[in-house]
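[1] got a predicted model here, sequence first, then my questions.
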Amino acid sequence: MGRERRAPRKRPTSTEAAATGPRAQQTDSGLAELIPDRDHPQAWSLLLDGAPQSHVDLADPTRLAFEYQRRLGHLIDLAAEPGKPLRVLHLGGGALTLARYAAATRPRSRQQVAELDTGLTEWIRTELPLQAGWQIKVRGGDARAVLERAPEAGADLVITDVFSGARVPAHCTTVEFATLAARALAPGGRYAVNIADGGSLAFARSQVATLLAVFPEVALVADPAVLRGKRFGNLILAAAHTPLPLVDLGRLIATDAALGRLLHGPELAAFPAGAAVVTDATAASSPAPPPDAFR
């Protein structure tokens, strides 16, 4: 007997995607959940095993709800003159929030996204579809493996936002990894990294030391409470071989609702406080967040 053919599943439009309540899918990364935003009917937060990962507004891809995403968005804004297309390599995909942002603010940008969890990517692209015409190519694979194969000088911006659960995997924290990112950057290109830490900030200090070993220009942005060790949170690192737009970055940070502090120059040089450069032989994952971090 022949097998009955099923009609292909219709992909939801942006409006249809927002018409239902929370949904969940088991993926290689864990339990993925999409939670609707009560204040924005076409917006969703992505959680993995209960940890917030991304937020997407299908009605307005330029609205970045999470503070760490806004800070990475500022770096996208400052990567070139407004509206100019970029070549962007995203290491870590999640809900593709930053790729959507770059596509919306810089039309005709050519973007590649590396995401290890192909099941998550397929689910996200079904539930929260990309707009037609966006040049976003998602490649299933480990972030470092994709970076190793990236063309030399092929990207204007490399963004590393790689988490396994709520921790940055060890092999994406090393000087060897940062050297690969530098190799992928075109002249004048910039590198941006999202990490998470708290307490004594030992992990963050080691990451600053590591980037300073590769790039002459490095800056850090974080909540002052995180920098004082008062709470666990995200820290954004920016690096380049040419001067960073520190004045403009500081101005954009000052417009955010969330407090942010920008460290650079001598203050950043002192931040590692003796922390060693991380190598493949010494690397460890970022610390796990405290149990109450996401309450």
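    Happy to help now that I have it. Numbering: from 1, shown residues only.

[2] in its sheet, what does the longest strand belonging to the chain sit against?
    Secondary structure of the chain per DSSP state E: the longest strand is strand 185-197. Sheet pairing of strand 185-197 (DSSP bridges) gives strand 155-160 (parallel), strand 233-240 (antiparallel).

[3] just the CA atoms of the very next helix or strand once past it, as CSV, please.
    Counting by DSSP states H and E, the next helix or strand C-terminal to strand 185-197 is helix 202-212. What follows is helix 202-212, C-alpha atoms only, in CSV (Å, rounded to 0.1, in the frame of the first residue of the first chain):
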residue,chain,number,x,y,z
ALA,A,202,37.2,36.3,37.1
PHE,A,203,35.9,35.0,33.8
ALA,A,204,35.3,38.5,32.4
ARG,A,205,38.7,39.6,33.5
SER,A,206,40.3,36.7,31.7
GLN,A,207,38.3,37.5,28.6
VAL,A,208,39.5,41.1,28.5
ALA,A,209,43.1,39.9,29.0
THR,A,210,42.6,37.5,26.1
LEU,A,211,41.2,40.1,23.7
LEU,A,212,43.9,42.5,24.6
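
[4] return the set of buried residues in the longest strand of the chain.
    The neighbour-count check on strand 185-197 (16 or more other Cβ atoms under 10 Å) flags Leu185, Gly189, Arg190, Tyr191, Ala192, Val193, Asn194, Ile195, Ala196, Asp197 as buried. The way it works is simple: take the backbone N, C-alpha and C, and place the C-beta from them, glycine included.

[5] which one of those residues is nearest Leu48?
    Ala196 (13.5 Å; Cβ to Cβ).

[6] any idea how far that closest one lies from Pro287?
    Separation of Ala196 from Pro287 (Cβ to Cβ, to the nearest Å): 8 Å.

[7] equivalent analysis for Arg183, please.
    Distance from Arg183 to Pro287, by Cβ to Cβ: 28 Å.

[8] one more: Thr210?
    16 Å.

[9] so which of these two has more stuff around it?
    More crowded of Thr210 and Pro287, by other Cβ atoms under 10 Å: Thr210, with 28 against 19.

[10] how much space separates that one from Ala239?
    Counting by Cβ to Cβ, the gap from Thr210 to Ala239 is 10 Å.

[11] which neighbours do the two have in common?
    The contact sets of Thr210 and Ala239 overlap at Ala178 (Cβ atoms under 8 Å, 6 or more residues apart in numbering).
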